[in-house]
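A.B. asks: Provide a 3D model corresponding to the input given below.
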Amino acid sequence: MPIDIETFESSSEDRLQHSGETNADRVMRFLAAHPDQAFTQSEIRDATDVNAGSISVVLSRLEDRGLIRHKGNYWALGEGDEVAAYASIVESTRAANDRFGEEDMDEWLEHAVDDEDPE
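C.D. replies: Predicted coordinates:
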């Protein structure tokens, strides 16, 4: 996911190292956004920017956990209760972002409690 140049310039390297979103999160978010479709591994890889060397392992692990399904060359969102809960959270987040705008990490950090500050 791209960031604006101001965030790039003003953020520390540590902050930009890891967004907290895993490859599995990216795949699940993508498939949850398209619950009525199935995709090839390369389509999922291209849509999620997961490294070509990692996508197969990510898909296999998600399938082992019952979160996605696989048939032939295609992969789709799973059908279990965990998947329904995940899809519901994704849809709720999308609706909230559409209505109120996406969260601004810098704004959150301004108001975050610093556990190391002995007050």
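A.B. asks: just checking, what packs against the strand or helix carrying residue 88?
C.D. replies: When elements are defined using DSSP states H and E, residue 88 is found to belong to helix 81-100. Under the contact definition 3 or more C-beta pairs under 8 Å, 6 or more residues apart in numbering; DSSP states H and E, helix 81-100 sits against helix 23-33. C-beta coordinates here come from the backbone N, C-alpha and C atoms, glycine included.
A.B. asks: Report the buried residues of the helix it packs on.
C.D. replies: By neighbour count with 16 or more other C-beta atoms under 10 Å, helix 23-33 contains the buried residues 23, 24, 26, 27, 28, 29, 30, 31, 32.
A.B. asks: helices or strands up against that helix?
C.D. replies: Checked by 3+ C-beta pairs under 8 Å, 6+ apart, helix 23-33 has helix 41-48, helix 55-64, strand 68-71, strand 74-77, helix 81-100 packed alongside it.
A.B. asks: Try it again at 10 Å.
C.D. replies: Counting contacts by 3 or more C-beta pairs under 10 Å, 6 or more residues apart in numbering; DSSP states H and E, helix 23-33 packs against strand 39-40, helix 41-48, helix 55-64, strand 68-71, strand 74-77, helix 81-100.
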